[in-house]
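[1] Show me how the following folds:
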Amino acid sequence: MIIPSAHRLQQVQEYYFSRKLAEVRALNAQGRNIINLGIGDPDMAPSEETINTLVETSKRPGVHGYQPYNSIAPLREAIAQWYQKTYEVELDPEKEILPLMGSKEGIFHVSMAFLNPGDRVLVPNPGYPAYAAAARLVGADPIFYTLKEENGWLPDVKELERLLQAEDVKLMWINYPHMPTGAEATSEALQELVNLALQHKFLLANDNPYSLVLPNEKPLSLLSLDNAKECCLEFNSLSKSHNMAGWRVGMVLGRQDYLQCVLRVKSNLDSGMFQPVQHAAIQALSNPDSWHDQRNALYAQRRSKVYELLELLGCSYQKNAVGMFVWARVPDAVSNVEAFLDEILYEAGVFLTPGKIFGTQGERYLRISLCLPESKIEEATNRIQKHLTSAKAELSL
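    As a prediction, this is how the structure comes out:
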C-alpha cells in the first residue's frame, strides 16, 4: 500500500456483516444456495400506497434537485404526528425533529457533534457494534457496560454509578427495545437512566427502531419520561417498522440546540434526502394499524418456526421478545459457538449470526433473523437436521 491509511482505522474493523455477507456471496457463486438467517433485512415490501407515492411524486417537475438539509416541513410534521399517536410524545416539528438519511448515519453524526478525542462513551455489551465504532472513529473511548440475561438485559444502575465515578462520561448509548436480545425496557428503568444523565451531565441517546415489530406493550419513547428532553436524544427509523431499509429514512429527536449541533455535521456530509422519498415516508407514517398488525402476524408465524429450529439445536430462548430477531443461548456442550455456526454455514448451507459480534456478553449466544418466509426457515431447519444426523452417524462409526 503506497499511501498509508489514517491512524483511526487501526481502531476499527470492517463491519462484520460486510465481511460475512461477502463470504456468503462467494459460497453462492459456487452454487451453494445459502439460506441467510443472519441479517435483519426486511423481505416484505412497504405499503402499496408508499410505493405508489414514490412513483407518482418522482414524475413531478422540480423534485429532483437538492433538498433542505433538515428535510421538507411536511415530513417533519408527519413525524411529529406519528410520535404523538404512537408514543404520546409531543414534538415541535420546527425545532425538535431532524430527519436523517438512515439512523446509522445519525450515530456517527452525533458522535462527531458531541465527542472530542479522549471523551468517554458508555456502550452496551452486548449491543450494536456501530456505537463503539463511531466513538473510536472520532477518537473517543468506548467504555462498555454489562447487560445480563438474569437482569432482563437491562443496565445495572450500580455498575453505571461505579463507571460514572471512575470515568468522565460525555455520552451513553442505549437501545430499547434492545438489539440483539429483543428485551424491552420499562419506563421506570429508563427514568433511572435519565436521572443519572441529569445528575452526571452526560447525553443519553436511545436508538429505537424496533418498537413496532412484534411489540408486547404499547411502544415506549425515552422522550416521554420526565425531564428527558433536557439530556436525551432519540433515534428512530422506517427501516424495520415500515419495511424501508434501503430507502434510508431515519430521524433524531430532541432539544433544538442539540439538533442544531447534529445539523452542523450533517449539512457538511450530505445534500438532503431525495424529495419523492420524503413524500413516500410521509405516506408510510400514515399506515393504518391494520397494516402493522398484518406484518406482525407474519413475523409471529416465522418466529414460531425459528423456535422449532432452536429447539433442534438445543438452545434456550426467551419467547415473545420484541423485534425481528430471536436471541438464544447455545448449549454448554458446544465449546466454540462461532466455529459451530461456521460448520452449519459450510456443511448445512445456513447462515446464523454468532452473538459474540455484539460483545463479550454475547459469546454463548446466537441470533436468528425473521426476515425470510416460513418455507425458507423450514428448509433451513431440515438442512440442519440432516447435517446433525449425518455428523452423529459419523461419530458412531
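[2] quick one: the strands in the stretch 51-200 of the chain?
    With strands called from DSSP state E, counting those that start in this stretch, the stretch 51-200 of the chain shows them at 97-100, 120-125, 141-146, 169-174.
[3] Throw those into JSON lines and include mean neighbour count and distance to V89, thanks.
    C-beta: built from backbone N, CA, C; applies to glycine. As requested, those are exported to JSON lines (neighbours: other CB atoms under 10 Å; distance: least, CB to CB, whole Å):
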{"stretch": "strand 97-100", "mean neighbour count": "24", "distance to V89": "11"}
{"stretch": "strand 120-125", "mean neighbour count": "24", "distance to V89": "23"}
{"stretch": "strand 141-146", "mean neighbour count": "18", "distance to V89": "26"}
{"stretch": "strand 169-174", "mean neighbour count": "24", "distance to V89": "16"}
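[4] how about TSV for the ones you listed, with mean pLDDT added?
    Output for those, formatted as TSV (pLDDT from 0 to 100):
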stretch	mean pLDDT
strand 97-100	97
strand 120-125	97
strand 141-146	96
strand 169-174	97
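[5] Including distance to Y87, could those go into a markdown table?
    Shown next, in a markdown table, are the strands of the stretch 51-200 of the chain (distance: least, CB to CB, whole Å):
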| stretch | distance to Y87 |
| --- | --- |
| strand 97-100 | 13 |
| strand 120-125 | 21 |
| strand 141-146 | 25 |
| strand 169-174 | 16 |
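[6] low-confidence ranges in the stretch 151-300 of the chain?
    By pLDDT under 70, the stretch 151-300 of the chain contains no weakly predicted segment.
[7] How many neighbouring residues does T57 have?
    By the criterion of other CB atoms under 10 Å, T57 has 18 neighbours.
[8] Test my guess that it contacts V63.
    Yes - judged on CB atoms under 8 Å, T57 makes contact with V63 at a distance of 6.0 Å.
[9] which neighbours do the two share?
    Common neighbours of T57 and V63, counting by CB atoms under 8 Å, 6 or more residues apart in numbering, are Q275, P276.
[10] about what we covered before: any idea which of the strands of the stretch 51-200 of the chain gets closest to A189?
    Among the strands of the stretch 51-200 of the chain, the nearest to A189 by CB to CB is strand 169-174 (9.7 Å).
[11] What pairs with the closest one, parallel or antiparallel?
    Strand pairing for strand 169-174, using DSSP bridges, gives strand 120-125 (parallel), strand 203-207 (parallel).
[12] of those, which approaches H279 most closely?
    When the strands paired with strand 169-174 are compared (using CB to CB), the closest one is strand 203-207, at 25.7 Å.
[13] Same list, the strands paired with strand 169-174, but as JSON lines with distance to L21 please.
    Formatted as JSON lines, the strands paired with strand 169-174 follow (distance: least, CB to CB, whole Å):
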{"stretch": "strand 120-125", "distance to L21": "24"}
{"stretch": "strand 203-207", "distance to L21": "22"}
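[14] L259 is nearest to which of these?
    Closest among the strands paired with strand 169-174, using CB to CB: strand 203-207, at 12.1 Å.
[15] State the distance from G250 to I3.
    33 Å (CB to CB, to the nearest Å).
[16] Neighbour count: these two, which is higher?
    Comparing G250 with I3 by other CB under 10 Å, the one with more neighbours is G250, at 25 against 4.
[17] where does that one fall, phi/psi-wise?
    Torsion angles at G250 (phi, psi; degrees, to the nearest 10) stand at phi -130, psi -170.
[18] Report the contact partners of the residue nearest to it when sequence neighbours are not counted.
    Using CB to CB, 6 or more residues apart in numbering and skipping the chain neighbours, the partner closest in space to G250 is S103 (3.4 Å). Shown in contact with S103 (CB under 8 Å, 6+ apart): D207, P209, F235, N236, S237, S239, G250, M251, V252.
[19] Distance of the fifth one relative to I107?
    Distance check for S237 against I107: by CB to CB, it reads 11 Å.
[20] buried ones in the longest helix along the chain?
    Ranked by residue count and defined by DSSP state H, the top helix of the chain is helix 289-313. Across helix 289-313, burial judged by 16 or more other CB atoms under 10 Å covers 291-292, 295-296, 299, 302-303, 305-307, 309-310, 313.
[21] can you list those in a markdown table and add distance to V262?
    Output for the buried residues of helix 289-313, formatted as a markdown table (distance: CB to CB, whole Å):
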| residue | distance to V262 |
| --- | --- |
| W291 | 30 |
| H292 | 28 |
| R295 | 30 |
| N296 | 31 |
| Y299 | 32 |
| R302 | 36 |
| R303 | 35 |
| K305 | 40 |
| V306 | 37 |
| Y307 | 40 |
| L309 | 41 |
| L310 | 40 |
| L313 | 42 |
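[22] Spatially nearest residue to H387 (excluding sequence neighbours)?
    Using CB to CB, 6+ apart, the closest residue to H387 is A348 (4.0 Å).
[23] Helices along the chain, start to end?
    16-29, 48-58, 73-87, 103-114, 129-137, 157-166, 187-200, 228-231, 256-266, 275-284, 289-313, 337-343, 374-396.
[24] I'd like these written out as CSV, with distance to E363 added.
    Conversion of the helices of the chain to CSV gives the following (distance: least, CB to CB, whole Å):
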stretch, distance to E363
helix 16-29, 14
helix 48-58, 40
helix 73-87, 34
helix 103-114, 24
helix 129-137, 14
helix 157-166, 19
helix 187-200, 25
helix 228-231, 33
helix 256-266, 34
helix 275-284, 38
helix 289-313, 16
helix 337-343, 7
helix 374-396, 21
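[25] before we move on, back to that, what packs against the longest helix of the chain?
    In terms of contacts (3 or more CB pairs under 8 Å, 6 or more residues apart in numbering; DSSP states H and E), helix 289-313 is packed against strand 325-329, strand 365-369, helix 374-396.
[26] As JSON lines, these with mean pLDDT and distance to T86 would be great.
    Output for these, formatted as JSON lines (pLDDT from 0 to 100; distance: least, CB to CB, whole Å):
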{"stretch": "strand 325-329", "mean pLDDT": "97", "distance to T86": "21"}
{"stretch": "strand 365-369", "mean pLDDT": "97", "distance to T86": "24"}
{"stretch": "helix 374-396", "mean pLDDT": "86", "distance to T86": "28"}
